[in-house]
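[1] return a 3D structure for these sequence lines:
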Amino acid sequence: MVRKGDIVPASDAVILMEATDLSPSISIPEIPQEANPENISPKRRSFLVAEITRLKREKNALVLAHNYLPPDVQDVADVVGDSLHLAKMGSESDADILCEAAVLFMNQILAIRKKPHQTVLAPSLDALCSLAAHADVGKIQTWKKAHPTGIVISYVNTYVEVKAESHYCCASGNAAQVIKYVLARHSGAPILFLPDVYLGYYAAKLLEQEGESLDRLWLMMGACHVHDQIRPEHVFEQMQRHPDAAVVIHPECGCTSACMTRMTKGLNPEEALAFRSTQGMVNYAKAVPNQTIIVATEVGNIHPMQRAVPDKKFIPASRDAVCAFMKQNTLEALYVSLRDEKHKITVDPALAARAWDPIQKMLDIV
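    Below is the predicted model:
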């Protein structure tokens with residue numbers, strides 16, 4: 001019986017992923033009331049924004065926020081984007097404080113790559129990740145022993161212990177590029193892609209397009225609990241309601257395989273049914289001519305898309321796609337973190353040294 005976190009051949013994984021229990025292995029926290037900007041009084045919000053602005057200036061702090069964060073946190077941040085963009089921008093910054101409102105594996109990346117004078121802060125230590133929690137280091141080590149020439153590609157949604165066991169890291173924004181890079185430089189080597197099985201399905205299709213056998217690919221049975229719950233019926237229902245809409249999908253979604261099948265069968269043109277990272281969705285919204293866009297990812301990403309293209313209409317494939325972990329990063333939590341320099345994130349130097357190279361490859365391969 002295949003369980004979440006297991007590593008299986010890709011040919012088996014694509015068959016078993018719909019029947020495997022991919023539910024979270026960690027508890028999902030309650031979403032704080034203040035994560036909804038409507039629950040903060042105008043007076044309190046004005047105070048928080050003014051204080052965060054002052055603290056950024058006085059402490060030479062850079063605030064980075066993921067696209068899934070509450071809108072008021074995104075609006076006060078210096079940099080908003082997906083994990084790849086935030087890692088690049090944070091790594092390039094000379095600010096004394098890097099306060100990243102995201103989930104903790106992202107803060108770990110900055111803690112690994114920070115300059116000696118810099119401090120990395122997290123607004124909340126409850127901002128974990130259900131996908132990252134599925135990655136079992138022991139199972140990765142066992143696979144590596146069984147495949148001594150194998151190459152491990154870990155998705156950015158992993159903690160530092162997993163990155164330290166990897167040869168390459170990738171984000172959804174450059175997963176295709178990293179996979180093609182590995183294929184070109186490691187001919188015939190077994191490949192383990194982890195921990196997201198839906199993004200792994202996307203990787204499997206890329207292998208087939210490159211004329212490679214699925215026999216060399218292994219996948220981990222993991223998923224983000226939010227994206228896993230965005231099912232094909234959610235997307236198809238919205239497509240029926242809005243026949244002129246374009247559709248953009250995060251490849252972590254549970255609808256990935258069904259939607260890719262529609263596209264390969266010619267039921268939807270590629271330009272009107274696209275797979276993108278969260279940052280790629282913003283760029284897609286700018287470029288596609290359609291005035292209505294169905295968005296299959298966490299609902300917070302609609303805010304930066306709407307801000308980039310205010311005259312277009314964005315429809316979530318599922319309004320229930322809300323990440324409670326991301327929403328721990330409230331405006332109040334951000335203020336307290338900057339004020340008290342609270343929740344300093346550090347990484348064991350030995351782990352940091354091992355994780356540096358795969359992270360650097362993620363940043364270099366675009």
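[2] so which bits of stretch 65-85 are buried?
    Neighbour-count burial for stretch 65-85, counted by 16 or more other Cβ atoms under 10 Å, picks out 65-74, 76-77, 79-85. Every C-beta, even on glycine, is put in place using the N, C-alpha and C of the backbone.
[3] what residue in the chain is the furthest from its centre?
    residue 43 (33.4 Å; Cα atoms, centre = their mean).
[4] what sits against residue 274?
    Going by Cβ atoms under 8 Å, 6 or more residues apart in numbering, residue 274 touches 246, 247, 248, 249, 284, 288.
[5] burial count for the fourth one?
    Other residues near residue 249 come to 26 when the count uses other Cβ atoms under 10 Å.
[6] what helix or strand does residue 100 sit in?
    strand 97-101 (DSSP states H and E).
[7] now the element after that strand, going C-ward?
    Following strand 97-101 toward the C-terminus (DSSP H and E): helix 104-113.
[8] please name every helix or strand in contact with that next one.
    In terms of contacts (3 or more Cβ pairs under 8 Å, 6 or more residues apart in numbering; DSSP states H and E), helix 104-113 is packed against helix 83-92, strand 97-101, strand 119-121, helix 160-163, helix 349-364.
[9] wait, is the residue farthest from the centre of the chain part of a helix?
    Yes - Residue 43: assigned to a helix according to DSSP: H, G, I helix; E, B strand; the rest coil.
[10] right, and residue 100 touches residue 69 too?
    No - taking Cβ atoms under 8 Å as the definition, residue 100 is not a contact partner of residue 69, at 10.3 Å.
[11] overlap of the contact sets of those two?
    Joint contacts of residue 100 and residue 69 (Cβ under 8 Å, 6+ apart) do not exist.
[12] low-scoring stretches of the stretch 251-366 of the chain, by residue?
    Applying pLDDT under 70 to the stretch 251-366 of the chain flags the ranges 262-271.
[13] could you pull out the strands in this protein for me?
    Under the criterion DSSP state E, the chain contains strands at 7-9, 61-66, 79-81, 97-101, 119-121, 151-155, 168-170, 191-194, 217-220, 246-249, 273-275, 292-296, 313-316.
[14] reformat the ones you listed as a markdown table; add distance to residue 38.
    Listed next are those as a markdown table, based on distance: least, Cβ to Cβ, whole Å:
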| stretch | distance to residue 38 |
| --- | --- |
| strand 7-9 | 44 |
| strand 61-66 | 19 |
| strand 79-81 | 20 |
| strand 97-101 | 19 |
| strand 119-121 | 27 |
| strand 151-155 | 34 |
| strand 168-170 | 37 |
| strand 191-194 | 39 |
| strand 217-220 | 39 |
| strand 246-249 | 27 |
| strand 273-275 | 32 |
| strand 292-296 | 21 |
| strand 313-316 | 18 |
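[15] for those strands, which one sits closest to residue 231?
    For residue 231, the closest of the strands of the chain is strand 292-296, at 9.7 Å, according to Cβ to Cβ.
[16] and the closest one, how far out from the chain middle?
    Offset of strand 292-296 from its chain centre (Cα atoms, centre = their mean, to the nearest Å): 18 Å.
[17] got it, and stretch 168-176?
    10 Å.
[18] quick one: contacts of it?
    By Cβ under 8 Å, 6+ apart, stretch 168-176 touches 82-85, 87, 151-156, 158, 163, 177-179, 181-182, 199, 202-203, 206, 250-252, 276-280, 358-359, 361-362, 365-366.
[19] ok, 6 Å please
    82-84, 153-154, 156, 163, 178, 206, 251, 277, 279-280, 358-359, 361-362, 365-366 (Cβ atoms under 6 Å, 6 or more residues apart in numbering).
[20] what's the ChimeraX line that selects buried ones from those?
    Typed into ChimeraX, the line below selects the buried ones among those, using 16+ other Cβ under 10 Å:
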select :82,83,84,153,154,156,163,178,206,251,277,279,280,358,359,361,362,365
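[21] if anything else comes up later, I'll come back, but that's it for now.
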